[in-house]
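Engineer: Model the structure of this input:
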Amino acid sequence: MERRKKGRFLGTRVILLVIVAAFGFGCAALQPTGKPKVLSLTDRGTVLFLDKYEFKAPPKNWALLKNLEGGDFELGFLLIEQGPFPSQTTFMYDEEPYGSSPDLEKRAKYYCTRFLFNSGIDLRVTKQEKTTLGGRDALAIYLEGENPNRDEKSKSKVYLLKKGDRIVSFVCTMWRPMNGTYAQEPFDYFENFAQSFKFLKKDFYENFEDELRKAGM
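Structural biologist: Numbering: from 1, shown residues only. Predicted coordinates for the structure are as follows:
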């Protein structure tokens, strides 16, 4: 059964539901003594996130979003852009995208009925295609929508990615006023993030699956 996701973030404007770390990746310096840094640089032009993931991060004017108490996603980035509200972009890695099916096509169909459901956006899928991400099977979904009553629109790209017997996701959403213009550069940073993303450790589910296989189940 899908976990209930009340007030889900996933790129909407409701940024008060998550922890927004300091700009310029200064969040690492705010960690208590003795605890690992949230982000640490490598000599490969990437960053490590808590020694769990490695990826290419966006520039320093993006804020790190880190959920400290568990919730809808683990990490992401936010850019407040010039222009009238709601001119901003978020992207993130989400371990529990909407739905429960391990089949990419079925998951995508359900996912798109729930994505941004609490925003009032009249959403439509403009394109969907099979692809790979980090050598894993994936679906790329492109979505756009408007809410004239709130004078806002959105443009999103979502990757649903097979990870063992589960599906995880990478999500980018850009918000603009109805007369605003979408920009490509934030999506380019998202692509760098998603395409470079590496899982450095097996998660709980993968270890559990390994134990089941060892037990012949």
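Engineer: Show me what the host helix or strand of Glu146 is packed against.
Structural biologist: Assigned by DSSP states H and E, Glu146 belongs to strand 136-147. Helices and strands touching strand 136-147, by 3 or more CB pairs under 8 Å, 6 or more residues apart in numbering; DSSP states H and E, are helix 104-114, strand 122-133, strand 152-163. The way it works is simple: take the backbone N, C-alpha and C, and place the C-beta from them, glycine included.
Engineer: any low-confidence regions in this protein?
Structural biologist: 1-36, 67-72, 203-215, 217 (pLDDT under 70).
Engineer: in the sheet, who's paired with the residue most central in space within it?
Structural biologist: Central residue of the chain (CA atoms, centre = their mean): Met92, 2.2 Å from the mean position. Beta-bridge pairing of Met92, defined through DSSP bridges, involves Gly76, Val171.
Engineer: What distance do you get for it to Ala63?
Structural biologist: Met92 is 12 Å from Ala63, where distance means CB to CB, to the nearest Å.
Engineer: Same check on Phe91?
Structural biologist: With the distance defined as CB to CB, Phe91 ends up 12 Å from Ala63.
Engineer: Now for those two: what residues contact both?
Structural biologist: Common contact partners of Phe91 and Ala63 (CB atoms under 8 Å, 6 or more residues apart in numbering): Phe77.
Engineer: In terms of neighbours, single out the busier of those two.
Structural biologist: Legend: neighbour count by other CB atoms under 10 Å for Phe91 and Ala63, higher for Phe91 (26 against 22).
Engineer: ok, that one touching Tyr159?
Structural biologist: No - if you go by CB atoms under 8 Å, Phe91 and Tyr159 don't touch, sitting 10.4 Å apart.
Engineer: shared neighbours of these two, which are they?
Structural biologist: By CB under 8 Å, 6+ apart, Phe91 and Tyr159 have these common neighbours: 170-171, 194.
Engineer: Can you convert those into a markdown table and add a column each for distance to Pro148 and neighbour count?
Structural biologist: Putting the shared contacts of Phe91 and Tyr159 into a markdown table (distance: CB to CB, whole Å; neighbours: other CB atoms under 10 Å) gives the following:
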| residue | distance to Pro148 | neighbour count |
| --- | --- | --- |
| Phe170 | 29 | 25 |
| Val171 | 24 | 25 |
| Ala194 | 31 | 24 |
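Engineer: circling back to that earlier point, for the strand holding Glu146, what is the distance to the chain centroid?
Structural biologist: 12 Å (CA atoms, centre = their mean, to the nearest Å).
Engineer: what angle do it and strand 152-163 make?
Structural biologist: Strand 136-147 and strand 152-163 are oriented at 170 degrees to each other (axes from the mean of the first three to the mean of the last three CA atoms, to 10 degrees).
Engineer: buried set for strand 136-147?
Structural biologist: Neighbour counts using 16 or more other CB atoms under 10 Å place 138-141, 143-147 of strand 136-147 among the buried residues.
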